[in-house]
Every structure is written in C-alpha cells, then in structure tokens.
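**Student:** below are the sequence and a predicted model; questions follow.
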Amino acid sequence: MFYGWRLTNDLDSLIELQKGIIEFDFLNKTQKLNNEISEIDFNMFYEISKWFFDDLKKYKIETKLIKEAKLNVEFGVEVILDKKKSGTIRNIKLNLILTSWILTDEKKYQSKKEYKTE
C-alpha cells in the first residue's frame, strides 16, 4: 500500500530527504526517520494505519493479540530536471525496499518487497 497512488502526498518530503529509512509503528502510533522520531508527519502513516485497524475490526481480530505491527521503508529518490524527450520539467526515480511485519504470540508474519518507478 505504501507505494500506491497516495504516495504522491508524501513525494515532496521524500524528494527533499533524497534517501533514508522510515519506520511506522502502528500500535505505538510513531513515525521514525533514520531511527529518530520523525519531524515530518507522513500522510502514508495515516492511510496505512486506518487500513490496518479497519482490517482488524473487519476480521474481528482483537488489537491486544498483536504485539508489533511495523513497516520499514528504505528509500532513495533521484530527480532528473528538464527531461526534454518526455516534455516534463522533472522526472523522479524512486527506489523503495519495504519490509512489514506483524508479531503475535504465535507467529511473525513478514513481507519484503522492492519497488522501483520512474
């Protein structure tokens, strides 16, 4: 979900940062950037958080059963200005490595995906 169309709401922040690691902790409601509490309030945190808690409710899963629910995003952004062939003012290359996990008493559910776009 992080790299969906709603990422555009955070794209300017990612461009300004150029690279780093974002960590969303949905149970503790924290956002970290490079292992520090983030001064940037990422819109995607709220999008994913809403989806996560709505899904728990939908499938009747009690929040207390979840020990951890986190998303880690390693990102790199490159901006190419004045790309004449496409007629755009800027072209953006975005590289993401996304690792998410949910931990319960019984199991750790984990997913890792890489996403590249231009």
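**Tutor:** Thanks, I have it.

**Student:** alpha carbons only for contacts and neighbour counts from here, please
**Tutor:** Noted.

**Student:** residues in a beta bridge with residue 75, which ones?
**Tutor:** residue 20, residue 96 (DSSP bridges).

**Student:** quick one: it from residue 64, how far?
**Tutor:** Residue 75 sits 31 Å away from residue 64, going by CA to CA, to the nearest Å.

**Student:** look at these two and report which has more neighbours.
**Tutor:** For the pair residue 75 and residue 64, the greater number of neighbours falls to residue 75 (20 against 9), based on other CA atoms under 10 Å.

**Student:** and that one, what does it touch?
**Tutor:** By CA atoms under 8 Å, 6 or more residues apart in numbering, the contact list for residue 75 reads 14, 18-22, 94-97.

**Student:** distance check, it against residue 104.
**Tutor:** Between residue 75 and residue 104 the distance is 27 Å, computed by CA to CA.

**Student:** now do the helices in the chain.
**Tutor:** Taking DSSP state H as the criterion, the chain contains helices spanning 11-17, 43-58.

**Student:** which strands and helices sit next to the shortest one?
**Tutor:** So the one you mean is helix 11-17. With contacts taken as 3 or more CA pairs under 8 Å, 6 or more residues apart in numbering; DSSP states H and E, helix 11-17 sits against strand 66-83.

**Student:** what's the angle between the strand it packs on and helix 43-58?
**Tutor:** For strand 66-83 and helix 43-58, the angle between their directions (axes from the mean of the first three to the mean of the last three CA atoms, to 10 degrees) works out to 140 degrees.

**Student:** any buried residues in strand 66-83, and which?
**Tutor:** Of the residues in strand 66-83, 66, 68-77 count as buried by neighbour count, 16 or more other CA atoms under 10 Å.

**Student:** which pLDDT value goes with the closest residue to residue 90 other than its chain neighbours?
**Tutor:** Closest residue to residue 90 in three dimensions, ignoring its sequence neighbours and counting by CA to CA, 6 or more residues apart in numbering: residue 81, at 4.3 Å. Here, the pLDDT recorded for residue 81 equals 80.
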